[in-house]
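Asker: no sequence for this one, just the structure:
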Ligand SMILES: Nc1nc2c([nH]c(=O)n2[C@H]2C[C@H](O)[C@@H](COP(=O)(O)OP(=O)(O)OP(=O)(O)O)O2)c(=O)[nH]1
């Protein structure tokens, strides 16, 4: 009988410098995943709090003192020789200038150049999440177009993206998103998403089931899917989705018959799946920290997120 794979828990820092660059270091050749770029960090000691472990590792490896950090994304990955749970945390305050105290190369890399670096395979969802807004806003469908366009004008493009849902086919709304530099997602139609220059294509349940039969739609941007259970999450992985909404976390007036998952089931469903998840259903920006503690990257919604509802 083969022995079980060793398992480690790691914490790693997403460290921004305030000029849209992130701190990366290169793993020494002789180590696991050697020669690849990484977010600096290391193993969590038994019983150690994550923020403490990160501060300790960053001090040891970079001579940087992390004053504050918060959850960014948790990834579980199985390498052929090792299972790893990676807690990525965003460092929101630090002192000191990072340098390779163990002789490893350390660089500030512009976010737009991250895709040119080779990372360990486990980092794929982090590379996706780094392109994504933490809030995914769905404009209500019972408003008129002018009101929707006015609402789009009140969104913050750095923090909020827009899933246009029924508004996907309204050229005035897509044009307003482009003008305001908002990342927007179009519903189901890959050709329309391409034509409109959408940042993402979002497949609802029936479109996801079709894609699971027919293959990933021909769209160059980000592929997002709607999930409610483990079967749909498996379909999402099969079609090579980058991100998914998982709902409903709580009961909502829009879907009164759906039974809510609650945070515990949410966490169990997302764990171990290399997708970037948004918690959807009765949540708002005030739930972001809770969502991240339960394995989501962001929060999505209509009522809780649309300005002025
Ligand atoms: N720090 C870090 N580790 C990563 C990333 N991606 C990824 O798959 N890993 C994996 C590689 C390793 O298997 C593991 C990190 O363990 P490590 O060996 O560097 O931990 P450590 O600094 O405590 O090392 P050690 O000197 O005690 O051996 O996590 C990442 O972005 N940052």
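Answerer: Sure thing, it's come through. Quick caveat: nothing in here was measured; it's all calculated off a predicted structure.
Asker: Dihedrals phi and psi, residue 108?
Answerer: phi -90, psi 120 (degrees, to the nearest 10).
Asker: Can you name the residues bridging to it?
Answerer: residue 23 (DSSP bridges).
Asker: Is it in contact with residue 18, as I believe?
Answerer: No. Using C-beta atoms under 8 Å, residue 108 is not in contact with residue 18; the gap is 10.3 Å. Placement of C-beta: from N, CA and C, glycine included.
Asker: which residues in the protein form helices?
Answerer: 50-62, 124-129, 145-152, 171-179, 190-196, 205-214, 230-238, 262-270, 288-293 (DSSP state H).
Asker: Which residues does the second one contact?
Answerer: By that I understand helix 124-129. 14, 39, 72-73, 75, 88, 114-115, 119, 222, 242-243, 274-276, 297 (C-beta atoms under 8 Å, 6 or more residues apart in numbering).
Asker: how's this protein carved up into domains?
Answerer: Domain assignment for the chain by automatic domain parsing gives 7-118, 135-301.
Asker: Pick the most deeply packed of the ones you listed.
Answerer: domain 135-301 (a mean of 19; mean count of other C-beta atoms under 10 Å).
Asker: What's the end-to-end length of that domain?
Answerer: Chord length of domain 135-301, first to last residue, is 8 Å (C-alpha to C-alpha, to the nearest Å).
Asker: What average pLDDT does it get?
Answerer: Taken as a whole, domain 135-301 has a mean pLDDT of 96.
Asker: list the contacts for the spatially closest residue to residue 273 that is not a sequence neighbour?
Answerer: With C-beta to C-beta, 6 or more residues apart in numbering as the criterion, residue 273 has its nearest non-adjacent residue at 5.6 Å, and that residue is residue 233. Residues in contact with residue 233 (C-beta under 8 Å, 6+ apart) are 227, 244, 246, 269, 270, 273, 275.
Asker: Against residue 299, how distant is residue 233?
Answerer: 18 Å (C-beta to C-beta, to the nearest Å).
Asker: And for residue 192?
Answerer: Distance, residue 192 to residue 299, by C-beta to C-beta: 26 Å.
Asker: Likewise for residue 242?
Answerer: 17 Å.
Asker: go on, residue 265?
Answerer: 17 Å.
Asker: With residue 229 instead?
Answerer: Residue 229 is 20 Å from residue 299, by C-beta to C-beta.
Asker: Same check on residue 208?
Answerer: Using C-beta to C-beta, we find residue 208 at a distance of 21 Å from residue 299.
Asker: repeat for residue 4
Answerer: On the measure of C-beta to C-beta, residue 4 and residue 299 end up 36 Å apart.
Asker: repeat for residue 67
Answerer: Taking C-beta to C-beta, one finds residue 67 at 26 Å from residue 299.
Asker: cool, and residue 16?
Answerer: Per C-beta to C-beta, residue 16 is found 21 Å from residue 299.
Asker: ok, the residue nearest to residue 198 when sequence neighbours are not counted - contacts?
Answerer: Here the nearest residue to residue 198 in space, its sequence neighbours aside, is residue 186; by C-beta to C-beta, 6+ apart that works out to 4.3 Å. For residue 186, the residues meeting the contact criterion (C-beta under 8 Å, 6+ apart) are 164, 168, 174, 192, 193, 196, 198, 200, 201, 202.
Asker: which residues does the first one contact?
Answerer: Remark: with contacts taken as C-beta under 8 Å, 6+ apart, residue 164 is in contact with 139, 170, 173, 174, 177, 184, 185, 186, 187.
Asker: just curious, which of the residues you listed is nearest to residue 55?
Answerer: residue 185 (36.5 Å; C-beta to C-beta).
Asker: partner residues bridging that closest one?
Answerer: As for beta bridges, residue 185 partners with residue 163, residue 200 under DSSP bridges.
Asker: so it makes contact with residue 223?
Answerer: No. Contact between residue 185 and residue 223 fails when scored by C-beta under 8 Å: they sit 9.7 Å apart.
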